[in-house]
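*Asks:* Okay, sequence plus prediction incoming.
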Amino acid sequence: MTVERVGVAFEPELLRKFDDMIKGMGYASRSEAVRDVVRKAIIESEINAEKGDVMGTITIIYDHRAGNVTDRLLRLQHHHQSEIISTTHIHASRRMCLEVIVVRGKAEDVKNLAGRLRATKGVKHGKLVMTKTEL
Ligand code: NI
């Protein structure tokens, strides 16, 4: 891989905070850590702009005894079967279930699915994590 060198000026305080942050994170060099930050910013910017295909996970926590939440979540997931790769269900406690849904598709479709899952009555918490595989 060819690389292009650039000089970046930092205020000492900012650089100190950055070095503190990456200490112990396993980076071989400060350059690698900076490249990672740039990659992350690009991925997040593209995802926020809803461009192209994304992969990710949707994690939801719900009380399986709340109304017909299980039925509704199942129906919703079948309706979105083209975006869902797999679903892992964990019986977290007597009442609570945790599901991790692995998704792939257009960013807007994945966001839409996550929003609908979160909005389902009985779902206490939902979090979508998206990433891109092409960068
Ligand atoms: Ni369960």
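*Replies:* Perfect, I can see it now. Just so you know, these numbers come straight off a predicted model, no measurement behind them. Residues are numbered from 1 along each chain as shown.

*Asks:* now the strands: where do they sit in the chain?
*Replies:* 53-63, 84-91, 96-106, 123-131 (DSSP state E).

*Asks:* Just give me the neighbour total for the nearest residue to His91 once chain neighbours are set aside.
*Replies:* Closest residue in space to His91, ignoring its immediate chain neighbours: Cys97 at 6.1 Å, by C-beta to C-beta, 6 or more residues apart in numbering. C-beta coordinates here come from the backbone N, C-alpha and C atoms, glycine included. Residues within reach of Cys97, counting by other C-beta atoms under 10 Å, total 20.

*Asks:* among the helices and strands of this protein, which has the poorest mean pLDDT?
*Replies:* Taking mean pLDDT, DSSP states H and E as the measure, the helix or strand of the chain with the lowest value is helix 30-48, at a mean of 88.

*Asks:* Which strands and helices lie in contact with it?
*Replies:* helix 12-22, strand 123-131 (3 or more C-beta pairs under 8 Å, 6 or more residues apart in numbering; DSSP states H and E).

*Asks:* shaky segments in this structure?
*Replies:* Applying pLDDT under 70 to the chain picks out residues 50-51, 135.

*Asks:* Up against the ion, what does it have?
*Replies:* Within the chain, the positions near the ion by C-beta under 5 Å from the ion are His91, Cys97.

*Asks:* show me the contacts for whatever residue of the chain ends up closest to the ion.
*Replies:* Nearest to the ion, among the residues of the chain, is Cys97, at 3.3 Å (C-beta to the ion). Neighbour list for Cys97: Ile61, Tyr62, Asp63, His64, His89, Ile90, His91 [criterion: C-beta atoms under 8 Å, 6 or more residues apart in numbering].

*Asks:* who wins for neighbours among these?
*Replies:* Busiest of these [other C-beta under 10 Å] is Tyr62, holding 24 neighbours.

*Asks:* Against Arg104, how distant is the closest residue to it other than its chain neighbours?
*Replies:* In space, and not counting its chain neighbours, Tyr62 is closest to Val123: 4.6 Å by C-beta to C-beta, 6+ apart. From Val123 across to Arg104, the span is 21 Å (C-beta to C-beta, to the nearest Å).
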